[in-house]
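Peer 1: Sharing a sequence plus its predicted fold:
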Amino acid sequence: MSPLYPRLFLASLLAAPAAMAAPSHQITLDDFFDIANMGTVKLSPNGKHALWLEGRWNKELDKSQNDLWQIDIKSRQPTRLTFTDESESSPVWSPDGQFIYFIGKEKRDDAKAPYNGKAQVFRIPVSGGEAVPMTREAEGVSAFELAPNGASLYFLTHKDTKDKDRWAGMRSSHGAPQYGHGKRDTNPLYKLDLVNFRQELLLDDDKVVWDFSVSPDGNQIARITTDDNELVYLEGWSQVEVFDTAKKQNRVLEDGAWREQAASPYGWLEGLAWHGDSKRLAFRIDFDGHPGRLFVVDTLGKGQMELSRSGKVTLNGADIQWRPGSDEICYRVADAARVKLQCTEIDGLQQDDTRTLIEGDTVIGSYSFNSRGSQVAFSHNGLDHFTDLFVADANSKRATANRLTDINPQSANWQLPQISIYKWQAPDGSEVEGILELPYGWDKSRGKLPLVVQIHGGPTAATPYSLQHRSYGRASFPAQGWALLSPNYRGSTGYGDKFLTELVGREHDIEVKDILSGVDKLIADGIVDGDKLAVMGWSNGGYLTNALISTTDRFKAASSGAGVFDQRLQWMLEDTPGHVVNFMEGLPWEKPDAYTHGSSLTHADKIKTPTLIHIGEKDARVPLGHAQGLYRALHNYLGVPVELVVYPGEGHGLSKYQHRKAKMEWDLKWFNYYVLGIEP
């Protein structure tokens with residue numbers, strides 16, 4: 001029998017009833033649209049309030065909508081602050097804690113900026129009331145930052161910039177066609193004085209700016225820049241620049257450590273963070289197929305260092321912060337299906353001790369410190385609750401986290417799946433694990449279960465050990481009587497660098513064997529019925545769905561979402577081709593055999609599995625041609641039952657309510673019919 005690990009819960013401040021009645025609500029597909037999700041969390045400077053972005057699906061608006069909420073930590077009384085039809089983003093506190101600044105949009109009939117529907121910086125009192133626009137840019141604002149004293153607002157705008165090369169005249173003369181290059185959306189940097197509301201242009205050098213951060217003393221501005229808007233430039237041709245505001249001089253940081261000396265040249269820079277000394281700048285670089293890295297640079301020219309990680313953790317996300325009042329740099333890490341918050345002491349440019357702020361089975365999302373660094377607030381997804389807000393003592397070596405919110409009270413009556421860590425051995429002897437979900441109340445006496453193998457994307461990611469109700473199958477299939485396995489196959493984060501990088505050069509092989517051996521273990525353990533298997537995934541999960549059905553006919557049904565079918569086509573069309581180059585270990589003309597073997601198109605004649613194909617019409621990450629090619633192979637040439645579902649206007653994810661619901665209903669009915677024999 002598989003090991004069912006104990007659940008470690010965080011302490012809660014929420015009052016619980018004396019006796020809990022047995023949950024009676026069976027989870028449905030519609031319940032997915034009733035779940036509130038917690039995004040960015042910000043603790044007030046004095047630690048007395050916290051705010052967050054709360055996302056909820058709105059059927060009438062046909063989308064998910066973010067609103068701004070805040071809570072009084074002492075009374076635990078939450079207050080909703082915004083009620084617009086457009087999602088708010090990037091909230092920050094004013095240093096005095098009296099105001100909240102954020103990016104929002106407001107559209108009024110025939111109105112000019114700031115009410116033209118473009119993103120602007122708004123300010124709202126912590127007590128609530130009308131949000132007032134601080135900026136009025138005709139093309140909107142892409143990012144902003146408050147000065148530490150709250151007296152100034154820095155922000156990026158948009159400017160249409162045209163290249164001035166020998167063909168510029170021709171492109172200008174014939175403006176009707178679209179061109180591959182020659183026009184860019186660049187980002188000038190402005191400073192707005194919040195006392196007299198005078199605005200000045202600080203820096204406009206025709207650069208595309210992906211991120212910026214102003215040093216606490218205001219003397220330096222760090223930026224991540226490229227020369228073009230296309231995402232391909234960010235992954236291999238981006239750089240960190242530091243602008244001296246007094247000398248009006250800009251310099252590019254020496255990048256050998258994270259470019260030439262890196263495992264791959266195709267990494268994207270992110271997460272600029274200044275220390276309070278205005279000298280040390282931290283930032284991240286992430287890669288597909290390789291561990292991310294964190295650097296600290298002395299911008300006055302006194303050197304740099306790279307963070308060393310302990311254990312098998314992988315850096316997770318771009319949100320890195322210096323804990324106020326200390327020399328600790330804090331960051332999230334993936335750790336065996338958990339996401340933990342760690343802080344490392346940096347003495348000058350020397351690394352000292354690392355600590356984990358909150359122990360236990362945490363899956364931490366956003367986090368924030370108060371102005372003294374003594375408190376930390378964070379969002380956390382548990383095993384018996386969806387994302388909620390917690391606070392803890394940031395100075396403690398073994399902090400107890402207290403839960404402040406319950407943003408999904410309706411789920412208290414839900415019959416939740418049994419969630420456990422499930423381990424098995426791959427054919428090469430490596431230990432692999434995944435997240436196993438079993439129906440509420442099920443045990444072996446009730447008989448074997450049909451199985452859905454749900455595969456995460458990335459692949460440089462991992463399925464978390466937490467409660468989730470997703471449009472990719474978690475919670476909904478167990479509620480319908482299925483077992484669901486989400487394997488963290490080779491290439492997943494949080495299991496050590498070797499486990500992560502073993503996938504490079506071995507796609508469509510090693511991870512396929514990892515997954516199939518997990519299925520074999522479930523069958524051998526008597527949990528699932530080997531004749532009732534289905535597989536599904538999105539993005540790299542879609543790619544692996546294609547790989548599995550072109551490797552074996554054991555699955556009775558498949559749902560392939562936004563999955564790569566041909567690696568050459570993917571390199572030609574996707575917006576981040578470095579992903580393909582990394583895993584294929586070269587360009588298409590350098591490694592033709594790798595591109596051939598790594599493509600399910602090569603093995604398509606072996607596909608016998610009835611396959612449901614989902615794709616966004618305007619998906620730039622995995623373009624429509626992959627789904628069309630898979631559909632053509634199965635429908636026109638191989639005679640395999642197939643449906644192609646193209647979602648109009650959608651990109652790599654499904655943003656519309658009706659599209660999410662369509663996908664979930666298609667998946668359930670497709671699997672019910674082809675695996676269980678239930679007519680749709």
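Peer 2: Right, received. Where do you want to start? Residues are numbered from 1 along each chain as shown.
Peer 1: can you pull out the strands in the stretch 301-450 of the chain?
Peer 2: Remark: strands of the stretch 301-450 of the chain, listed N- to C-terminal, are 303-306, 314-315, 321-322, 328-335, 338-347, 350-356, 364-369, 375-380, 388-393, 402-403, 418-425, 431-438, 449-455; assignment by DSSP state E, counting those that start in this stretch.
Peer 1: likewise the stretch 551-680 of the chain?
Peer 2: According to DSSP E, counting those that start in this stretch, the stretch 551-680 of the chain carries its strands in the segments 557-561, 611-616, 642-647.
Peer 1: before we move on, the earlier item: would you format the strands of the stretch 301-450 of the chain as JSON lines with mean pLDDT included?
Peer 2: Compiled in JSON lines, those are given as follows (pLDDT from 0 to 100):
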{"stretch": "strand 303-306", "mean pLDDT": "96"}
{"stretch": "strand 314-315", "mean pLDDT": "98"}
{"stretch": "strand 321-322", "mean pLDDT": "98"}
{"stretch": "strand 328-335", "mean pLDDT": "98"}
{"stretch": "strand 338-347", "mean pLDDT": "97"}
{"stretch": "strand 350-356", "mean pLDDT": "96"}
{"stretch": "strand 364-369", "mean pLDDT": "98"}
{"stretch": "strand 375-380", "mean pLDDT": "97"}
{"stretch": "strand 388-393", "mean pLDDT": "97"}
{"stretch": "strand 402-403", "mean pLDDT": "95"}
{"stretch": "strand 418-425", "mean pLDDT": "98"}
{"stretch": "strand 431-438", "mean pLDDT": "98"}
{"stretch": "strand 449-455", "mean pLDDT": "98"}
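Peer 1: now for those strands, which one comes closest to residue 592?
Peer 2: With respect to residue 592, and counting by CB to CB, the nearest of the strands of the stretch 301-450 of the chain is strand 449-455 at 26.9 Å. Bear in mind the C-beta positions are built from the backbone N, C-alpha and C, glycine included.
Peer 1: what's the following helix or strand after that closest one?
Peer 2: Using DSSP states H and E, the helix or strand that follows strand 449-455 towards the C-terminus is helix 476-479.
Peer 1: how far out from the middle of the chain is that following helix?
Peer 2: 24 Å (CA atoms, centre = their mean, to the nearest Å).
Peer 1: Just say which of the strands of the stretch 551-680 of the chain is most tucked in.
Peer 2: The densest packing among the strands of the stretch 551-680 of the chain, expressed as mean neighbour count by mean count of other CB atoms under 10 Å, is seen in strand 557-561 with a mean of 29.
Peer 1: just the angle between it and strand 449-455, please?
Peer 2: Relative orientation of strand 557-561 versus strand 449-455 (axes from the mean of the first three to the mean of the last three CA atoms, to 10 degrees): 20 degrees.
Peer 1: Let me have the strands of the stretch 301-450 of the chain in TSV, adding mean neighbour count and distance to residue 187 as columns.
Peer 2: Supplementary listing: the strands of the stretch 301-450 of the chain in TSV, determined by neighbours: other CB atoms under 10 Å; distance: least, CB to CB, whole Å:
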stretch	mean neighbour count	distance to residue 187
strand 303-306	15	26
strand 314-315	22	26
strand 321-322	21	23
strand 328-335	24	26
strand 338-347	20	30
strand 350-356	14	33
strand 364-369	23	24
strand 375-380	26	29
strand 388-393	23	32
strand 402-403	18	39
strand 418-425	19	43
strand 431-438	23	40
strand 449-455	26	37
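Peer 1: Now distance to residue 268 too, for those, in TSV please.
Peer 2: Putting the strands of the stretch 301-450 of the chain into TSV (distance: least, CB to CB, whole Å) gives the following:
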stretch	distance to residue 268
strand 303-306	17
strand 314-315	13
strand 321-322	19
strand 328-335	16
strand 338-347	20
strand 350-356	24
strand 364-369	20
strand 375-380	24
strand 388-393	30
strand 402-403	34
strand 418-425	31
strand 431-438	28
strand 449-455	24
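Peer 1: Out of those strands, flag the one nearest residue 582.
Peer 2: Distance to residue 582, taken as CB to CB, is lowest for strand 314-315 among the strands of the stretch 301-450 of the chain, at 15.5 Å.
Peer 1: Please state the offset of that closest one from the chain centre?
Peer 2: Distance, stretch centre to chain centre, for strand 314-315: 14 Å (CA atoms, centre = their mean).
Peer 1: Give the other helices and strands that that strand contacts.
Peer 2: In this structure, strand 314-315 packs against strand 328-335, with contacts taken as 3 or more CB pairs under 8 Å, 6 or more residues apart in numbering; DSSP states H and E.
Peer 1: Quick one: residues in contact with the strand it packs on.
Peer 2: With CB atoms under 8 Å, 6 or more residues apart in numbering as the contact definition, strand 328-335 has outside contacts at 273, 282, 284, 294, 296, 307, 309, 311-317, 319-323, 339-346, 357, 364, 367, 369, 373, 462, 493-494.
Peer 1: among the strands of the stretch 551-680 of the chain, which is nearest residue 197?
Peer 2: Each of the strands of the stretch 551-680 of the chain was scored for nearness to residue 197 using CB to CB, and the closest is strand 611-616 (42.0 Å).
Peer 1: Taking strand 557-561 as reference, get the angle to the closest one.
Peer 2: 10 degrees.
Peer 1: what does strand 611-616 contact?
Peer 2: Contact partners of strand 611-616, identified using CB under 8 Å, 6+ apart, comprise 538, 542, 549, 557-563, 622, 624, 626-627, 630-631, 634, 640-647, 649-654, 663, 666-667, 670.
Peer 1: So in that sheet, which strands flank it, and in what orientation?
Peer 2: Sheet pairing for strand 611-616, assigned by DSSP bridges, gives strand 557-561 (parallel), strand 642-647 (parallel).
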